[in-house]
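>>> Curious how this folds, go ahead:
(one chain, ligands or ions: 1)
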Amino acid sequence: MTDVDVIKVTGGVRLAGEVGVVGAKNSALKLMAVALLASGQSEITNVPRITDIALMGEVLRRLGATVDFEADVVRVDVPERLHPEADYDLVRRLRASICVLGPLLARCGEVRVAHPGGDAIGSRGLDMHVNGLAKMGADITGEHGFVVASAPSGLHGARISLDFPSVGATENLVMAAVLARGTTVIDNVAREPEIVDICEMLNAMGAQIEGAGSAELTVHGVTSLNPVTHATIGDRIVAGTWAFGAAMTQGDVTVLGCDPRWLEIALDKIAQAGGQIDHGEDSFRVRMPDRPRAVDIRTLPFPGFATDLLPMAIGMASVAEGMSMITENIFDGRFMFAEELKRLGADIKIEGHHAMVRGRERLSCAEVTASDIRAGAGLVIAGLCGDGITTVRAVHHIDRGYPNFVDDLRTLGVEVIRAETPADPVYTL
Ligand code: EPU
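A predicted model of the protein is given here:
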């Protein structure tokens, strides 16, 4: 039986100081897939050293690429011919590997990617990916747990309207469209900064994409792309985590390496709760002089409040003065986190996709378990408002998205240790 890692934090602390964030996980993962679209070596810089990036490296290796990591740089050397199959073994561990679907179909004319299934934050459909690729001429089926697609005579331009601005579907369709014959217009696309980052890398490679950051993308297909060097944008979710950490602990934190415009609504909510925000160009400072006041928050696609910051929003509400209503509109399983937060004494009532949270002055320390990346970080941050030592189990989830998490907490004044604890024993009959 192997041991499992836990993080133990001592509550009653005020986060204070400066913390830097590096590149966004949800950009870097997709930029690595973008590299598949050109033969030769692309270099992606400002890449976070997290387990999801290592997994993506392995996905690309199994497709035939050579992948090297050196500090914050990833070099992806792509051969002329790729092996267009991503198996379940990796896809189940890294749902984001579904983003190789579009590039592989564009490059190879065929692809088999394991269906990733749902996960702890909810059911996660693929219908928009599949329908969009079908409109571009792909023949797509599902068989034996795989999404299987082919387009022997190549993809062609199409008019596609997404039912919902899905991040993953937008990315897959753009990556397929850049090498398609003719022009593809995709309406109701995701507008996240990470989408803009991907389109910028693609355009630097020679793609012709217009409208990145707006609700409609126009992609004029080209015949080939060239490898490039591209720097990943800063991680707005990691930055937002520290912003809420400052707000919840009545702290004073300066975050470096992230454009505050990507967190406009989140920072505005913290300001409504009584926070003082200073905006820099690639940095911001959050101060919360008193106990935060209750504010209502609802998650929405960008530029709305990010679903990945929902645990932090519930965390702030659980120590705020008054009652907050927090509404989740993107993933049906996000409130699993709230159930765990109740173990820390949070007063939360869930009705459908709404959480009614009555704030209390202090949470009570306990042992809790992370169910996903953001829930893990949210529980550690909530533990800072506890009356003693909170232990968060299953912190390998945090390693998937937060580089240097424990060191950053220490920098901000937290008494924190990472330790090993025996895994659950297996009982047999
Ligand atoms: N959806 C469908 N059909 C589709 C595609 C999506 O029904 O064809 C639904 C999903 O089931 C979900 C909603 O649409 O309910 C949003 O899904 P979306 O495609 O926008 O999300 P994603 O691409 O699967 C990315 C991030 C998530 C982030 C969401 C929303 C990556 C690797 N993941 O997921 O990040 O929460 O966008 O912003 O980019 C995280 O980093 O912890 C994380 C979960």
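
>>> what does the stretch 1-150 of the chain have sitting close to the ligand?
Within the stretch 1-150 of the chain, the positions adjacent to the ligand are 25-26, 29, 96, 121, 123-129 by Cβ under 6 Å from any ligand atom. Backbone N, C-alpha and C define where each C-beta goes, glycine included.

>>> Buried among these? Make that a ChimeraX selection.
A single ChimeraX command is used to select the members of those judged buried by 16 or more other Cβ atoms under 10 Å:
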select :25,26,29,96,121,124,126,128,129
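
>>> What are the buried residues along stretch 321-339?
For stretch 321-339, by 16+ other Cβ under 10 Å, it's 324, 326-328, 330-331, 333-338.

>>> Give me the subset of those residues that also touch the ligand.
Among those, the ligand is touched by 330-331 when using Cβ under 6 Å from any ligand atom.

>>> Make a markdown table from the buried residues of stretch 321-339 and add pLDDT and secondary structure to it.
Listed next are the buried residues of stretch 321-339 as a markdown table, based on pLDDT from 0 to 100; DSSP: H, G, I helix; E, B strand; the rest coil:
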| residue | pLDDT | secondary structure |
| --- | --- | --- |
| 324 | 98 | strand |
| 326 | 98 | strand |
| 327 | 98 | strand |
| 328 | 97 | coil |
| 330 | 96 | coil |
| 331 | 93 | coil |
| 333 | 89 | coil |
| 334 | 91 | coil |
| 335 | 93 | coil |
| 336 | 91 | helix |
| 337 | 93 | helix |
| 338 | 94 | helix |
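
>>> Need the max-distance pair from the buried residues of stretch 321-339.
Farthest-apart pair in those is 324 and 333; separation 20.5 Å (Cβ to Cβ).

>>> Quick check: the gap between residue 147 and residue 211.
Counting by Cβ to Cβ, to the nearest Å, the gap from residue 147 to residue 211 is 27 Å.

>>> go on, residue 424?
For residue 424 relative to residue 211 (Cβ to Cβ), the value is 50 Å.

>>> Mind checking which of those two has more residues around it?
Set residue 424 next to residue 211 and count neighbours by other Cβ atoms under 10 Å: residue 211 wins out with 16 against 9.

>>> For residue 297, the count of nearby residues, please.
Each residue near residue 297 was counted by other Cβ under 10 Å, and the total is 25.

>>> quick one: the spatially closest residue to it that is not a sequence neighbour and residue 216, what's the gap?
In space, and not counting its chain neighbours, residue 297 is closest to residue 313: 4.5 Å by Cβ to Cβ, 6 or more residues apart in numbering. Between residue 313 and residue 216 the distance is 30 Å, computed by Cβ to Cβ.

>>> And for residue 92?
Distance from residue 92 to residue 216, by Cβ to Cβ: 34 Å.

>>> Which of these two has more residues huddled nearby?
Neighbour comparison, residue 92 and residue 216: the larger count goes to residue 92, with 15 against 12 (by other Cβ under 10 Å).

>>> Contacts only, for that one.
Residues in contact with residue 92 (Cβ atoms under 8 Å, 6 or more residues apart in numbering) are 114, 116-117.

>>> Give me the mean pLDDT for stretch 169-179.
Across stretch 169-179, the average pLDDT comes to 98.

>>> Quick check: which element contains residue 149?
strand 146-150 (DSSP states H and E).

>>> Direction included, what does that strand pair up with?
Using DSSP bridges, strand 146-150 pairs in its sheet with strand 110-114 (antiparallel), strand 139-143 (antiparallel).

>>> Redo those strands as a markdown table? Include mean pLDDT.
As requested, those are exported to a markdown table (pLDDT from 0 to 100):
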| stretch | mean pLDDT |
| --- | --- |
| strand 110-114 | 95 |
| strand 139-143 | 94 |
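
>>> The ligand versus the residue lying closest to residue 94 once chain neighbours are set aside, what's the distance?
Spatial nearest neighbour of residue 94, excluding adjacent residues (Cβ to Cβ, 6+ apart): residue 55 at 4.2 Å. According to Cβ to the nearest ligand atom, to the nearest Å, residue 55 and the ligand sit 11 Å apart.

>>> What residues sit buried inside the strand or helix carrying residue 55?
Applying DSSP H and E as the criterion places residue 55 in helix 51-62. By 16+ other Cβ under 10 Å, the buried positions in helix 51-62 come out as 51-53, 55-57, 59-60.

>>> List just the nearest of those to residue 415.
Distances from residue 415 to these, taken by Cβ to Cβ, are shortest for residue 51, at 25.3 Å.

>>> so that closest one touches residue 395, yeah?
No - look at residue 51 against residue 395 with Cβ atoms under 8 Å: they stay out of range, at 11.4 Å.

>>> Helix, strand or coil: sort out the residue nearest to residue 417 when sequence neighbours are not counted for me.
Nearest non-adjacent residue to residue 417, counting by Cβ to Cβ, 6+ apart: residue 8, 5.1 Å away. Taking DSSP: H, G, I helix; E, B strand; the rest coil as the rule, one finds residue 8 in the strand state.

>>> which residues does residue 8 contact?
389-392, 416-419.

>>> Rebuild these as CSV, extending it with pLDDT.
Output for the contacts of residue 8, formatted as CSV (pLDDT from 0 to 100):
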residue, pLDDT
389, 97
390, 98
391, 97
392, 97
416, 98
417, 96
418, 96
419, 91
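
>>> For the closest residue to the ligand within the stretch 151-300 of the chain, give its distance to residue 358.
Going by Cβ to the nearest ligand atom, the ligand is nearest to residue 168 of the stretch 151-300 of the chain, at 2.9 Å. Counting by Cβ to Cβ, the gap from residue 168 to residue 358 is 35 Å.

>>> what about those two, which has more around it?
Just comparing residue 168 and residue 358: by other Cβ under 10 Å the higher neighbour count belongs to residue 168, 22 against 15.

>>> right, and that one touches residue 129 too?
Yes - with contact defined as Cβ under 8 Å, residue 168 counts as touching residue 129 (6.6 Å).

>>> Quickly list the domain ranges of this structure.
The chain breaks down into these domains under automatic domain parsing: 3-21+234-422, 25-231.

>>> Which pLDDT value goes with the residue nearest to residue 94?
On the pLDDT scale, residue 55 is placed at 95.
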